[in-house]
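# sequence first, then the predicted structure:
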Amino acid sequence: MKHTLSVLVEDEAGVLTRIAGLFARRGFNIESLAVGPAEQEGRSRVTMVINGDDRAIEQLTKQLYKLVNIFKVLDITDVPCVERELMLLKVNATSTHRSEIIELAHIFRARVVDVAEDALTLEVVGDPGKIVAIVQVLQKFGIKEIARTGKVALARESKVNTESLKL
């Protein structure tokens with residue numbers, strides 16, 4: 001099962017290396033990683049997606065707390081969250097398919113950020129499901145390049161679980 005961990009760390013050189021080393025030593029692959037400044041100066045938030053069972057993630061969480069410069073570790077997998085990811089996607093766009101690609105981009109609320117003679121570059125922001133869906137839809141035109149940020153997430157203060165609303 002994929003787990004999303006939100007880790008509050010001291011904004012200091014080497015912290016990310018120690019976290020990655022811990023995961024590597026235990027044979028875990030970090031599927032997604034996003035790091036940026038947090039709400040307090042001198043702290044950063046690391047959002048990671050890791051594949052593992054509940055017991056393994058619990059052990060990793062305990063090990064993370066043993067590292068210096070770790071303030072808080074939360075497994076927010078089952079917590080109502082706002083999740084977003086950014087992707088830049090370069091797709092083949094001949095003159096015959098350009099308008100269709102732009103129309104599909106609008107459906108997904110993607111923005112065209114670069115236009116070339118034979119390609120379009122799109123900026124897509126949304127939940128990870130939206131990111132996967134637009135890639136699948138545009139696959140038939142030929143994807144030239146993709147760059148993704150990795151998931152960032154914050155727990156919903158309202159505690160509203162939007163996943164249950166999708167059913």
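Happy to help now that I have it.

# now do the SS call for T4.
With DSSP: H, G, I helix; E, B strand; the rest coil as the basis, T4 sits in strand.

# state the distance from it to R111.
Applying C-beta to C-beta, to the nearest Å, the value for T4 to R111 is 26 Å. Every residue, glycine included, has its C-beta placed from N, CA and C.

# S6 too?
28 Å.

# higher neighbour count, the two?
More crowded of S6 and R111, by other C-beta atoms under 10 Å: S6, with 20 against 12.

# which residues touch the helix or strand where L16 lies?
Assigned by DSSP states H and E, L16 belongs to helix 15-25. Contacts with helix 15-25, where a contact means C-beta atoms under 8 Å, 6 or more residues apart in numbering, come from 7, 9, 29-30, 35, 44, 46, 50, 60, 63-64, 67-70.

# buried residues in the strand of greatest length in the chain, which are they?
Criterion DSSP state E: the longest strand present in the chain is strand 81-92. For strand 81-92, the neighbour count (16 or more other C-beta atoms under 10 Å) marks 81, 83-87, 89-92 as buried.

# likewise stretch 19-37?
So, applying 16+ other C-beta under 10 Å, buried residues of stretch 19-37: 19, 22-23, 28, 30, 32-35.

# again with stretch 115-123
Across stretch 115-123, burial judged by 16+ other C-beta under 10 Å covers 119-122.

# now tabulate those in JSON lines and tack on distance to H97, pLDDT and secondary structure.
Shown next, in JSON lines, are these (distance: C-beta to C-beta, whole Å; pLDDT from 0 to 100; DSSP: H, G, I helix; E, B strand; the rest coil):
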{"residue": "A119", "distance to H97": "11", "pLDDT": "97", "secondary structure": "strand"}
{"residue": "L120", "distance to H97": "9", "pLDDT": "98", "secondary structure": "strand"}
{"residue": "T121", "distance to H97": "15", "pLDDT": "98", "secondary structure": "strand"}
{"residue": "L122", "distance to H97": "14", "pLDDT": "98", "secondary structure": "strand"}
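
# make JSON lines out of the residues you listed and add distance to P128.
Converted to JSON lines, the buried residues of stretch 115-123 look like this (distance: C-beta to C-beta, whole Å):
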{"residue": "A119", "distance to P128": "24"}
{"residue": "L120", "distance to P128": "22"}
{"residue": "T121", "distance to P128": "20"}
{"residue": "L122", "distance to P128": "16"}
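
# centre-most residue in this protein?
What sits nearest the mean C-alpha location of the chain, by C-alpha atoms, centre = their mean, is K151, with 1.5 Å.

# state the pLDDT value of it.
Per-residue pLDDT puts K151 at 93.

# understood, closing this out.
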